[in-house]
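[1] One predicted model, sequence on top.
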Amino acid sequence: MEDDRSLDIIVVPPGDGETRTFRIPERHLRTLAVLAVAMLLMGGAILASWGYLVARNWRAVQLEVEVAELRAERERISELAEALAETEAAYERIRALFAPETLPPAGPGSVPAPAGGAAAGPSEAEGERPTVWPLTERGFLTQPLVEGGDGTHPGIDVAVAAGSYIRASGSGVVVEAADDPIYGLHIIVEHGEGYRTLYAHASSLRVSPGDRVRRGEVIGLTGSTGRSTAPHLHFEILLDGRPVDPLTLVPQP
C-alpha cells in the first residue's frame with residue numbers, strides 16, 4: 001500500500017478570503033531534509049575553506065614582511081662588510097706607516113747603518129751627547145713633553161710597531177736596564193756632561209748595566225710593557241736630573 005502520509009499546510013487569509021491547503025508528501029519532506037543537510041555541509045565546507053584561505057593569506061603577508069626585513073638586514077650586512085673592508089684597508093695603510101724598516105736581526109752591539117751607509121760616529125762638537133733619533137724609523141709623535149701641573153710628562157711618546165729597533169741617541173754607558181711597573185722594560189744611558197737618556201716600554205732589552213754603547217747602536221726592541229696601552233717608545237733626555245725637550249736636541253726624521 002502506497003504511503004500517503006504528508007504534511008498539510010493550511011493558509012487562512014484574513015477576512016473572507018478562501019482558505020488554501022498545501023500538501024507536501026513525506027517523500028518530498030525527506031528530499032528537502034536531505035537537501036538542507038547537504039547545503040549545511042556545503043556551507044560548512046565553504047566556511048572552512050574560506051578560513052583556511054584567510055589563514056594562508058595572513059601567513060603570506062607575514063612571510064612578505066619577513067622577506068623584506070631579511071633583505072634590509074642583508075643590505076645592512078653588505079654595508080657593514082664594505083665598511084669593514086674600508087677599515088681594514090685603512091688599518092693596513094696605517095700599519096704600513098708604523099711598520100719597522102727591514103733590517104737584519106738585531107743582536108747585542110748591532111748598529112743599523114744610517115742613510116749614509118756607515119755607522120754614525122760623534123763629531124767633536126757633539127761628543128757623547130744625545131743627538132740622533134732613538135728609533136730606526138720616524139714613527140708618530142703622540143705625546144710631547146709636558147711640564148708642571150697634574151699632566152706632567154717628562155719625555156715624548158713615539159708610536160711605532162712592536163719589535164721596532166730602539167737605538168742609543170748618543171754614546172755612553174748603560175746605568176740601568178730593568179723592569180718597572182710604570183716604565184716597563186727600560187734602559188738608562190749616561191752620556192756625560194750631565195746628560196742621561198731613558199728608553200721605556202720595550203719588549204726586550206739588548207744591553208745590560210755597565211755596557212758601553214755607541215751612538216745609533218741597537219739597545220732594545222719597542223713594545224708596550226709597564227703602564228702602556230699600545231706599542232710605543234717613551235724617550236726622555238735629562239740634563240743634571242731635569243727633563244729637557246728631546247725635540248730641541250734630537251730632530252725627528
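    Great, that's in hand.
[2] does Q252 count as helix, strand or coil?
    coil (DSSP: H, G, I helix; E, B strand; the rest coil).
[3] Near it, how many residues? Count them for me, please.
    13 (other C-beta atoms under 10 Å). Using the backbone N, CA and C atoms, a C-beta is placed for each residue, glycine as well.
[4] how much space is there between it and P246?
    9 Å (C-beta to C-beta, to the nearest Å).
[5] contacts for the helix or strand where V175 lies?
    Assigned by DSSP states H and E, V175 belongs to strand 172-178. Residues outside strand 172-178 that contact it (C-beta atoms under 8 Å, 6 or more residues apart in numbering) are 128, 185-192, 195-197, 205, 207-213, 219.
[6] Identify each buried residue in that strand, please.
    Within strand 172-178, the residues scored as buried using 16 or more other C-beta atoms under 10 Å are 172-174, 177.
[7] got JSON lines for the residues you listed, with distance to I77 and pLDDT too?
    What follows is those, written out as JSON lines (distance: C-beta to C-beta, whole Å; pLDDT from 0 to 100):
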{"residue": "G172", "distance to I77": "58", "pLDDT": "95"}
{"residue": "V173", "distance to I77": "60", "pLDDT": "96"}
{"residue": "V174", "distance to I77": "55", "pLDDT": "96"}
{"residue": "A177", "distance to I77": "51", "pLDDT": "96"}
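[8] closest to R23 among these?
    A177 (127.6 Å; C-beta to C-beta).
[9] separation between that closest one and E217?
    For A177, the distance to E217 - C-beta to C-beta - is 13 Å.
[10] And the strands in the stretch 151-253 of the chain?
    156-159, 165-167, 172-178, 185-192, 195-205, 212-213, 218-222, 232-239, 242-244 (DSSP state E, counting those that start in this stretch).
[11] Return the alpha-carbon coordinates of the fifth one using CSV.
    Coordinates of the C-alpha atoms in strand 195-205 are reproduced here as CSV (Å, rounded to 0.1, in the frame of the first residue of the first chain):
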residue,chain,number,x,y,z
TYR,A,195,123.1,64.1,30.1
ARG,A,196,121.1,60.9,30.5
THR,A,197,118.6,59.3,28.2
LEU,A,198,115.7,56.9,29.1
TYR,A,199,114.1,54.5,26.7
ALA,A,200,110.9,52.9,28.1
HIS,A,201,108.1,50.3,27.4
ALA,A,202,110.4,48.0,25.5
SER,A,203,109.5,44.4,24.6
SER,A,204,113.1,43.2,25.1
LEU,A,205,116.5,44.7,26.2
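[12] Tell me the buried residues in that strand?
    Neighbour count says strand 195-205 has 195-203, 205 buried, by 16+ other C-beta under 10 Å.
[13] Pull the contacting residues for L198.
    Per C-beta under 8 Å, 6+ apart, neighbours of L198: 155, 183, 186-188, 234-236, 238.
[14] Pick the one among those residues closest to W58.
    Nearest member of the contacts of L198 to W58, counting by C-beta to C-beta, is H234, at 67.3 Å.
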